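Engineer: Provided below for reference: sequence and predicted model.
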2 protein chains.
Amino acid sequence: MRRSPILIALSFVFVISSTLLHAQDARQSVKNIEDYRGIAGQLIEAATGDSTAFDRLGYFVDTFGPRFSGSQNLENAIEWVLGEMKADGLENVHGEPVMVPHWVRGKESLTLLEPRMSPLQMLGLGGSIATPAEGISAEVFVVQSFDDLVAHADQAVGKIVLYNVPFTSYGKTVRYRTQGAVHAAKAGAVASLVRSVGPVSLYTPHTGNSHYAEDTPKIPHAAITVEDAMMMQRMQDRGQKIVVRLKMEAKMLPDAPSRNVVAEIVGREWPDEVVVMGGHIDSWDVGQGAMDDGGGCIAAWEALLLMKKLGLRPRRTVRVVLWTNEENGTSGAKAYRDAHSENVKNHILGIESDSGVFKPTGFGFTGSDQAFTIVEAIGRLLDPIDAGDIQRGGGGADIGPLMRLGVPGMGLQVDESKYFWYHHTNADMLDKLDPKELNLSAATMAVMSYVVADMPQRLPRETTTTSN
Amino acid sequence: MRRSPILIALSFVFVISSTLLHAQDARQSVKNIEDYRGIAGQLIEAATGDSTAFDRLGYFVDTFGPRFSGSQNLENAIEWVLGEMKADGLENVHGEPVMVPHWVRGKESLTLLEPRMSPLQMLGLGGSIATPAEGISAEVFVVQSFDDLVAHADQAVGKIVLYNVPFTSYGKTVRYRTQGAVHAAKAGAVASLVRSVGPVSLYTPHTGNSHYAEDTPKIPHAAITVEDAMMMQRMQDRGQKIVVRLKMEAKMLPDAPSRNVVAEIVGREWPDEVVVMGGHIDSWDVGQGAMDDGGGCIAAWEALLLMKKLGLRPRRTVRVVLWTNEENGTSGAKAYRDAHSENVKNHILGIESDSGVFKPTGFGFTGSDQAFTIVEAIGRLLDPIDAGDIQRGGGGADIGPLMRLGVPGMGLQVDESKYFWYHHTNADMLDKLDPKELNLSAATMAVMSYVVADMPQRLPRETTTTSN
């Protein structure tokens, strides 16, 4: 369909006037936001006064341990949280049903057979198939990239491919974990190993999710330590033959029932308008999931509690959601989007904490320019704790489905310098976190969510969609 | 026996004149030492020119792996080193027989049963007895010191005592590993666990040696990770009952044959006078023993090779010894002392590298004041590589038996900031070391050993033993 020049001109007028209007609104909002400095100070003070949140996180992760999708640990943890939230006097506390993938690791082992016999530590990767019961004994072929593998694909046939890719950024190296089995199978390998995705290792394997493709055979896929990957690289470089035996009993069971955990303070003026905030309650099946993402859950929960303790009821609803199954499926995130599809339009903002609750620095924000101006102004309320830096871009896996439907999203940003030391390892335990930093994370989320939920104007969405 | 005043007076005269004489000699030696600046520079330059030593270390630790006393790995490693040393053209290359303790770890596991079921990582401690085949399932009682255990001994009866002692210094915390089973057994415990002796953990258990006493029952003794020790402390503090099942198959087999490795450059003037220098070729049964003490062995060996490459033959013999069984018995050190008892008097100096071959800073020295003045002067030759700082006190476990017979001793001092991150763990692998730092360590040992072996005057021993 051709569009008439008049309609095009009218569209322009609409966009310009709309932009001006929004800019004016944003300025007004920014002015109003300064009015929240007192309340922000109260929230910060209340957050940082004691170690209640940290003690709760400690009980949570110590008592229930790792909370992998499909496990009884996860459901026990959810049950306990629901009970505690009710006891806290939070509103509309309930679980929302979600079916989640149920992969189980089973027994697994890796043994170096040549040039010497030695047990090696490993962690099978989420979704991997098992080996035959007797294991797969094969020569190892070490590659340093997908290109390297393609260039030497003839040497991979019948072997176990090891991706020895040093950590640079998560984004650049995690693809060998997620896609490594597919590429190795295409080259004719019988199994694949990946150097753990982390910058520092004390012989610490990192697990995580992985994928298969429809058009390639499925082969077992596991992570080894940085140390052993480097060792095998050296062995290959000096011409030593490397033979290992990989045994994995991993299997995918039928989907299992789980729940997203929901609690609210209902808005006093526009209860249907929602600021949704949270983390994911599931974790990998190692460590305690303290950093990833027990701390994020407790921080969001505590943020809501702080409002309650101070008797604050914002104009809009603040809803805490602890999503299930972020790690290997994001079924919780999708189920939330579907269960609330009627009201996605009234989701004002999504806030996720899933980078660990280390010292917070601010938020990464994805949304309109006008909204950015407003959240930047809210950030200034967090300057007293140095947590008000708002960067462009950010969100989270659990609010991703909402964001793709136009909901503005933000992710809590923290000092991530050690995040990937512990990520998806047995070392992700409570001792890696700090009570003061957890409190600051809770304060940061409380101030942001409260002000966005309470300010007179709705946080504006993208205005690029015009009427034409 | 009473001593006559005349004899006492004569003794004084002897001591004073002897001291003056030594002081004069020391000044002369210091003057001579500056003459070695050219040779020291050549040794340093030769040491730092390539990565030969590091490549050799890599082959050694990758190919033979951990070299625990009694293991075939250790004997294979020794055989290879002897062959290489001969091929290097070193002199009097041979193994000297030593019988060593032969403890084997066997299968072992620790499982948390309450408050939830979870496998926990552990490493049995060297010398520990086994548990019954079905394991020991018992409540855990956490203490923070031996005093704490004694004060609450009634609570330890029938339980598994866990020493949760944070790392301060090795000396202060290692006693819970070495003596923990004895104290726990005295209190009536059925087994004991110790928080791993290390300052940083990525869920990394540390093994090491432990002892029993004649007068107390032997109970199984194992190390757990820092993370799990902290977790159990928290559980106990909040009143949660902790139950674990410990299974260990550990056993002590009959002593096994091993060897000290010896290689020399024979002295051109006084071949019977010996500067002995080395590290220990055995390691724990985890990781690769790259830092502890593969690197020390290679550095000493390389130091000797550097002299050979430069065509240097000192007046006295420089003997490299790679002692066996330092880790759990020091049988190699004692056997060396006994095999060379006739010639201990001609052992001019012992030098040991067993603190990792990180960036060297100098040496710790135990010996007479006169000797200290001389080795300080030699240290100045190492100023170009900032490795000439001589501290009072120092030596090593392998030269300990010689030092107790009066031989001056010194230990290579290095940047030890990360030593206890890796000590006795699976993380003690080649990647923790640096080729440049290994070369500097070799250079430092080469300069010190060469000059002491070549200088006209013998390094003076303690002069406190007088003729009376």
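Structural biologist: Nice, I can see it.

Engineer: where does the stretch 1-150 of chain A come near chain B, residue by residue?
Structural biologist: Within the stretch 1-150 of chain A, the positions lying close to chain B (Cβ under 8 Å from any Cβ of the partner chain) are A:58-59, A:62-66, A:73, A:115-116, A:118, A:121. In this view, the C-beta of every residue, glycine as well, is placed from N, C-alpha and C.

Engineer: ChimeraX command to pick out the buried ones of those?
Structural biologist: To isolate the buried ones among the residues of the stretch 1-150 of chain A next to chain B in ChimeraX, judged by 16 or more other Cβ atoms under 10 Å in any protein chain shown, type:
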select /A:58,59,62,63,64,65,66,73,115,118,121
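
Engineer: how about the residues of the stretch 1-150 of chain A next to chain B, which pair is most distant?
Structural biologist: The span of the residues of the stretch 1-150 of chain A next to chain B, defined through Cβ to Cβ, is set by A:Y59 and A:P115 at 47.9 Å.

Engineer: Which parts of the stretch 201-350 of chain A are helices?
Structural biologist: A:226-237, A:295-309, A:331-339 (DSSP state H, counting those that start in this stretch).

Engineer: Any residue of the longest one touching chain B?
Structural biologist: No. Shown here: helix A:295-309 not in contact with chain B (Cβ under 8 Å from any Cβ), separated by at least 15.0 Å.

Engineer: Can you show me the CA trace of that helix as CSV?
Structural biologist: Output of helix A:295-309 as CSV, limited to C-alpha atoms (Å, rounded to 0.1, in the frame of the first residue of the first chain):
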residue,chain,number,x,y,z
GLY,A,295,21.2,-13.1,46.4
GLY,A,296,19.2,-11.4,43.6
CYS,A,297,16.0,-13.1,44.9
ILE,A,298,16.7,-12.0,48.5
ALA,A,299,17.6,-8.5,47.4
ALA,A,300,14.3,-8.0,45.5
TRP,A,301,12.3,-9.6,48.3
GLU,A,302,14.1,-7.4,50.9
ALA,A,303,13.4,-4.3,48.7
LEU,A,304,9.7,-5.0,48.9
LEU,A,305,9.9,-5.6,52.6
LEU,A,306,11.7,-2.3,53.2
MET,A,307,8.7,-0.5,51.7
LYS,A,308,6.4,-2.4,53.9
LYS,A,309,8.5,-1.7,57.0
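
Engineer: any idea how far that helix is from the chain center?
Structural biologist: 18 Å (Cα atoms, centre = their mean, to the nearest Å).

Engineer: buried stuff in it?
Structural biologist: For helix A:295-309, by 16+ other Cβ under 10 Å, it's A:295-308.

Engineer: Identify, from the residues you listed, the entry nearest to B:P220.
Structural biologist: Using Cβ to Cβ, the buried residues of helix A:295-309 come closest to B:P220 at A:G295, 35.5 Å.

Engineer: any idea how far A:G58 is from the closest one?
Structural biologist: 11 Å (Cβ to Cβ, to the nearest Å).

Engineer: and if you look at A:S331?
Structural biologist: In terms of Cβ to Cβ, A:S331 sits 28 Å off from A:G58.

Engineer: With A:N260 instead?
Structural biologist: From A:N260 over to A:G58 (counting by Cβ to Cβ), the distance is 23 Å.

Engineer: what do you get for A:M248?
Structural biologist: 33 Å.

Engineer: where does the stretch 1-150 of chain A dip in pLDDT?
Structural biologist: The stretch 1-150 of chain A contains residues with pLDDT under 70 at A:1-27.

Engineer: can you pull out the helices in it?
Structural biologist: Under DSSP H, counting those that start in this stretch, the stretch 1-150 of chain A gives helices at A:5-34, A:37-47, A:52-64, A:72-87, A:146-151.

Engineer: next one: the stretch 351-468 of chain A
Structural biologist: A:369-380, A:400-403, A:419-422, A:435-454.

Engineer: could you say what helices and strands the second one packs with?
Structural biologist: Put plainly, it is helix A:400-403. Applying 3 or more Cβ pairs under 8 Å, 6 or more residues apart in numbering or on different chains; DSSP states H and E, we find helix A:400-403 packed against helix A:331-339, strand A:347-352, strand A:409-414.

Engineer: Nearest to chain B among the ones you listed would be which one?
Structural biologist: strand A:409-414 (19.4 Å; Cβ to the nearest Cβ).

Engineer: I'd like to know which elements the closest one is packed against.
Structural biologist: Checked by 3+ Cβ pairs under 8 Å, 6+ apart, strand A:409-414 has strand A:347-352, strand A:360-366, helix A:400-403, helix A:435-454 packed alongside it.

Engineer: What is the end-to-end distance of stretch A:122-132?
Structural biologist: Stretch A:122-132 has an end-to-end distance of 17 Å (Cα to Cα, to the nearest Å).

Engineer: gap between that stretch and the chain center?
Structural biologist: Using Cα atoms, centre = their mean, the offset of stretch A:122-132 from its chain centre is 22 Å.

Engineer: if I read this right, A:S69 contacts A:T324, doesn't it?
Structural biologist: Yes. Taking Cβ atoms under 8 Å as the definition, A:S69 is a contact partner of A:T324 at 6.8 Å.

Engineer: where do the contact lists of those two overlap?
Structural biologist: A:100, A:258, A:282, A:331 (Cβ atoms under 8 Å, 6 or more residues apart in numbering or on different chains).

Engineer: and the third one, what does it touch?
Structural biologist: What that stands for is A:D282. A:67-69, A:74, A:100, A:258, A:289, A:323-327, A:332 are the contacts of A:D282 under Cβ under 8 Å, 6+ apart.

Engineer: please redo it, this time with the cut-off set to 6 Å
Structural biologist: A:67, A:69, A:74, A:324-327 (Cβ atoms under 6 Å, 6 or more residues apart in numbering or on different chains).

Engineer: In PyMOL, how would I select just the buried ones from the residues you listed?
Structural biologist: Listed next is the PyMOL selection for buried residues among the contacts of A:D282, using 16+ other Cβ under 10 Å:
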select buried, chain A and resi 67+69+74+324+325+326+327
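
Engineer: I'd like the distance between the spatially most central residue of chain A and chain B.
Structural biologist: Residue closest to the mean C-alpha point of chain A, counted by Cα atoms, centre = their mean, is A:D354 at 4.4 Å. Look at A:D354 and chain B: by Cβ to the nearest Cβ, to the nearest Å, they are 21 Å apart.

Engineer: Please name the residues that touch that residue.
Structural biologist: A:279, A:293, A:296, A:396.

Engineer: Identify the residue spatially nearest to the last one, adjacent ones excluded.
Structural biologist: Put plainly, it is A:G396. Counting by Cβ to Cβ, 6 or more residues apart in numbering or on different chains, A:E352 is the residue found nearest to A:G396 once chain neighbours are left out, at 2.8 Å.

Engineer: just checking, A:Q233 touches A:N164?
Structural biologist: Yes. Counting by Cβ atoms under 6 Å, A:Q233 touches A:N164, with 4.8 Å between them.

Engineer: the more surrounded of these two?
Structural biologist: In this view A:Q233 and A:N164 are compared by other Cβ atoms under 10 Å in any protein chain shown, and A:N164 has more residues nearby, 23 against 18.

Engineer: Tell me, how many residues neighbour A:M235?
Structural biologist: For A:M235, the tally of surrounding residues (other Cβ under 10 Å) stands at 21.
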